[in-house]
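Asks: Below are the sequence and a predicted model; questions follow.
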Amino acid sequence: AAEGDFKGKKVLVTAGPTYERIDPVRFIGNFSSGKMGYAIAEEFASRGAEVTLVSGPVSLSVKSPAIRLVKVESARQMLQACEEAFPQSDISVMCAAVADYAPADVADRKIKRERDEVPVINLVKNPDIAKTLGSEKRYGQILVGFALETDHEFENAVGKMQAKNLDMIVLNSLRDSGAGFGTDTNKVTVMTANGGRTEFGLKSKQAVAADVVDSIAGLLQKQTVS
Ligand code: PMT
């Protein structure tokens with residue numbers, strides 16, 4: 001990692017889960033803690049970038065003054081915050097675990113327990129934030145996604161990279177112990193749209209963040225050379 005190698009760069013990072021409200025006391029969510037995304041934001045900031053961190057509900061705090069934190073709850077709110085920051089961003093890293101579906105209707109009162117009937121929650125599809133930004137990407141902007149997989153990891157990750165028009169995807173598998181949600185460690189494989197693939201060992205999320213940011217620095221270098 002070179003000191004200050006992202007000076008003058010604007011970076012957008014998403015982190016954490018999204019919560020999709022069912023009623024005033026319940027939601028659909030997932031186990032993302034935000035640790036991976038916050039570590040990436042801090043790594044970029046420590047290397048000189050100006051960072052916008054769009055975060056779902058987590059219990060972490062930001063350390064660097066170079067990070068502007070935008071707190072959101074739902075996927076729709078996350079999309080809106082990303083749409084605002086994306087046009088100015090040189091690099092965007094989508095680390096959030098966005099809920100793919102949301103309840104079609106949000107009850108305005110707490111859903112009561114019925115004696116016989118089980119409530120049915122109808123779902124609607126949420127926007128795909130990475131895919132939306134991928135379709136708006138301009139020449140020179142770098143868009144990086146994450147892929148959380150349980151099987152056919154490489155194929156699925158490459159498929160997501162292509163479908164969302166990403167330049168790079170960071171694969172983590174729930175089959176690897178110490179990887180994925182909640183843990184302080186992760187194990188990733190970085191894949192690039194031009195066919196590059198680097199597998200890293202199990203390490204702290206801070207160290208993984210440094211590897212991911214180094215990989216992005218490599219992409220940037222290739223862009224300026226070619
Ligand atoms: O937060 P931690 O506890 O530290 O855990 C880190 C993590 C496991 C959440 C992180 O490393 C990770 O893998 N994040 C992406 C999780 C995920 O939702 O992956 P996916 O394969 O479902 O989505 C693929 C990509 O599309 C991701 O970049 C995701 O942010 C994006 N996406 C997905 C769905 C959607 N509706 N909008 C999106 O932008």
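Replies: Sure, I can see it.
Asks: Quick check: bridge partners of Leu50?
Replies: I think there's a mix-up here, since residue 50 is Glu and not Leu. Taking DSSP bridges as the rule, Glu50 bridges to Lys10.
Asks: What count of nearby residues applies to the residue lying closest to Tyr38 once chain neighbours are set aside?
Replies: Ranked by CB to CB, 6 or more residues apart in numbering and with sequence neighbours excluded, the top spatial neighbour of Tyr38 is Leu60, at 5.1 Å. Placement of C-beta: from N, CA and C, glycine included. The burial metric for Leu60, expressed as a neighbour count using other CB atoms under 10 Å, is 16.
Asks: Same check on Glu199?
Replies: Residues near Glu199, counting by other CB under 10 Å, number 10.
Asks: Likewise for Lys131?
Replies: One way to gauge burial is a neighbour count; for Lys131, by other CB under 10 Å, it gives 16.
Asks: ok, the residue nearest the centre of the chain - contacts?
Replies: Per CA atoms, centre = their mean, the C-alpha nearest to the average position across the chain is that of Cys95, at 1.6 Å. Contacts here follow CB atoms under 8 Å, 6 or more residues apart in numbering; on that basis Cys95 touches Val13, Thr14, Ala15, Met36, Gly37, Ile40, Phe146, Val170.
Asks: change it to 10 Å
Replies: Listed by CB atoms under 10 Å, 6 or more residues apart in numbering, the contact partners of Cys95 are 13-16, 32, 34-41, 53, 55, 144-146, 170, 209, 212.
Asks: Which pLDDT value belongs to it?
Replies: Cys95 is assigned a predicted lDDT (pLDDT) of 98.
Asks: Quick check on it: phi, psi?
Replies: Backbone torsions of Cys95, given as degrees, to the nearest 10, read phi -100, psi -10.
Asks: need the next SSE after the lengthiest strand in the chain, C-terminal direction.
Replies: As far as residue count goes, and with DSSP state E defining each element, the longest strand of the chain is strand 142-149. For strand 142-149, the succeeding helix or strand toward the C-terminus, using DSSP states H and E, is helix 153-163.
Asks: give the contact list for Glu42.
Replies: When contacts are counted by CB under 10 Å, 6+ apart, Glu42 touches Val13, Val51, Leu53, Val62, Lys63, Ser64, Ala66, Ile67, Gln206, Ala209.
Asks: if we go to 7 Å?
Replies: Lys63, Ser64 (CB atoms under 7 Å, 6 or more residues apart in numbering).
Asks: Name the helix or strand for it, please.
Replies: With DSSP H and E as the test, Glu42 turns up in helix 35-46.
Asks: Can I get that helix as CSV, trimmed to CA atoms?
Replies: Taking Å, rounded to 0.1, in the frame of the first residue of the first chain, the C-alpha atoms of helix 35-46 are listed here in CSV:
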residue,chain,number,x,y,z
LYS,A,35,-17.4,-4.5,9.6
MET,A,36,-16.1,-5.3,6.0
GLY,A,37,-17.5,-2.1,4.4
TYR,A,38,-16.4,0.2,7.3
ALA,A,39,-12.9,-1.3,7.0
ILE,A,40,-12.8,-0.5,3.3
ALA,A,41,-14.0,3.0,3.9
GLU,A,42,-11.3,3.5,6.6
GLU,A,43,-8.6,2.1,4.3
PHE,A,44,-9.4,4.4,1.5
ALA,A,45,-9.6,7.4,3.9
SER,A,46,-6.2,6.5,5.4
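Asks: Establish whether that helix and the ligand are in contact.
Replies: Yes. For helix 35-46 and the ligand, the contact criterion (CB under 6 Å from any ligand atom) is met by Lys35, Met36, Gly37.
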